[in-house]
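*Asks:* here is the input, now give the coordinates:
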Amino acid sequence: NGKGSVCAFLRAMLEGSGQRVHLYSSPHLVRFHERICLAGLPISEDALSAILEECESANDGKQITFFEITTAAAFLAFSRVPADALVLEVGLGGIFDATNVVRAPVATCITPIAHDHQEFLGSDLAGIAREKAVILKAGAPCILGRQTDEVREIVSNHAQSLGAPLFVEGEDFDGYEEHGRFVYQDEFGLLDLPRPKLAGRHQISNAAIAVACLRQLSAEKSRAHW
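*Replies:* You can find the predicted model right below:
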């Protein structure tokens with residue numbers, strides 16, 4: 001539902017501004033190594049093998065899922081290579097997602113919530129929304145993609161209870177295609193940008209979420225300097 005594309009856009013924009021970026025994503029397209037990018041490059045075969053063996057040894061035969069051991073290996077790898085930012089894609093999302101151990105992200109993004117991972121999250125959309133909303137953390141701005149009214153209300157209530165600023169697509173920011181360009185607009189003004197190279201109208205929305213995230217982080221940084 002767009003989280004992989006949003007992460008790809010975030011990584012590209014951050015790297016385009018000269019920053020070194022770690023990326024954790026799934027699934028991979030060609031090689032497993034794509035899941036763990038260290039300062040812009042997929043992890044090497046030797047480094048991946050060594051770090052997985054280290055994690056397996058630390059786990060000492062205890063029960064662990066594929067995604068959990070992979071996430072542990074990624075975090076260990078990230079901790080040993082300097083970078084300016086980490087773009088972290090959740091797995092199924094929710095309280096039991098291995099990536100949810102990050103207690104203080106600088107920002108979170110939620111793409112449109114639908115009926116996915118039902119074997120773990122159930123078939124009730126409201127229940128899935130409550131699970132997904134756990135990604136929000138106190139004080140960290142959340143960029144919320146277009147949702148049904150029910151989902152938006154659930155996430156909004158959770159954000160309010162945490163004191164997490166919420167920025168909603170279609171209300172606080174928006175993106176659309178015009179004359180072959182990508183036009184983005186929010187409280188800070190309008191941007192006339194190249195159209196995303198990824199195909200599909202939905203990529204306009206994904207790009208808008210990514211732009212909104214970086215715009216809010218920039219605003220937070222500016223306010224901190226006042």
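*Asks:* in contact with Gly175, which residues?
*Replies:* Applying CB atoms under 8 Å, 6 or more residues apart in numbering to Gly175 gives the contacts 169, 182-185, 204-205, 207-208, 211. Quick note: C-beta positions are derived from backbone N, CA and C, even for glycine.
*Asks:* tell me how far the closest residue to Met13 other than its chain neighbours lies from Ala107.
*Replies:* Spatial nearest neighbour of Met13, excluding adjacent residues (CB to CB, 6 or more residues apart in numbering): Leu214 at 6.0 Å. Separation of Leu214 from Ala107 (CB to CB, to the nearest Å) stands at 9 Å.
*Asks:* who's in contact with Ser26?
*Replies:* Ser26 neighbours (CB under 8 Å, 6+ apart): 35, 67, 70, 89, 91.
*Asks:* CSV please, covering those and showing distance to Gly16 and pLDDT.
*Replies:* Formatted as CSV, these follow (distance: CB to CB, whole Å; pLDDT from 0 to 100):
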residue, distance to Gly16, pLDDT
Arg35, 22, 96
Phe67, 29, 94
Thr70, 27, 96
Glu89, 19, 96
Gly91, 27, 90
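*Asks:* just the buried ones from the contacts of Gly175, in PyMOL syntax?
*Replies:* The buried subset of the contacts of Gly175, as determined by 16 or more other CB atoms under 10 Å, is captured in PyMOL by this line:
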select buried, resi 169+182+183+184+204+205+207+208+211
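*Asks:* what is the nearest of the contacts of Gly175 to Glu220?
*Replies:* Val211 (15.0 Å; CB to CB).
*Asks:* ok, that closest one - contacts?
*Replies:* With CB under 8 Å, 6+ apart, Val211 has these contacts: 9, 13, 173, 175, 184, 191, 193.
*Asks:* only C-alpha atoms, please: export the strand or helix carrying it in PDB.
*Replies:* Using DSSP states H and E, Val211 falls within helix 202-224. Extracted as PDB, the C-alpha positions of helix 202-224 are listed here (Å, rounded to 0.1, in the frame of the first residue of the first chain):
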ATOM      1  CA  HIS A 202      -0.800   6.400  -6.500                       C
ATOM      2  CA  GLN A 203       2.900   7.300  -6.700                       C
ATOM      3  CA  ILE A 204       1.900  11.000  -6.700                       C
ATOM      4  CA  SER A 205       0.300  10.300  -3.300                       C
ATOM      5  CA  ASN A 206       3.300   8.400  -2.100                       C
ATOM      6  CA  ALA A 207       5.700  11.200  -3.200                       C
ATOM      7  CA  ALA A 208       3.500  13.700  -1.400                       C
ATOM      8  CA  ILE A 209       3.700  11.800   1.800                       C
ATOM      9  CA  ALA A 210       7.500  11.700   1.600                       C
ATOM     10  CA  VAL A 211       7.800  15.400   0.700                       C
ATOM     11  CA  ALA A 212       5.400  16.300   3.600                       C
ATOM     12  CA  CYS A 213       7.600  14.200   6.000                       C
ATOM     13  CA  LEU A 214      10.800  16.100   5.100                       C
ATOM     14  CA  ARG A 215       9.000  19.500   5.100                       C
ATOM     15  CA  GLN A 216       7.700  18.900   8.600                       C
ATOM     16  CA  LEU A 217      11.100  17.800   9.800                       C
ATOM     17  CA  SER A 218      12.700  20.900   8.300                       C
ATOM     18  CA  ALA A 219      10.000  23.000  10.000                       C
ATOM     19  CA  GLU A 220      10.700  21.300  13.400                       C
ATOM     20  CA  LYS A 221      14.400  21.900  13.000                       C
ATOM     21  CA  SER A 222      13.800  25.600  12.200                       C
ATOM     22  CA  ARG A 223      11.500  26.000  15.200                       C
ATOM     23  CA  ALA A 224      14.200  24.400  17.400                       C
END
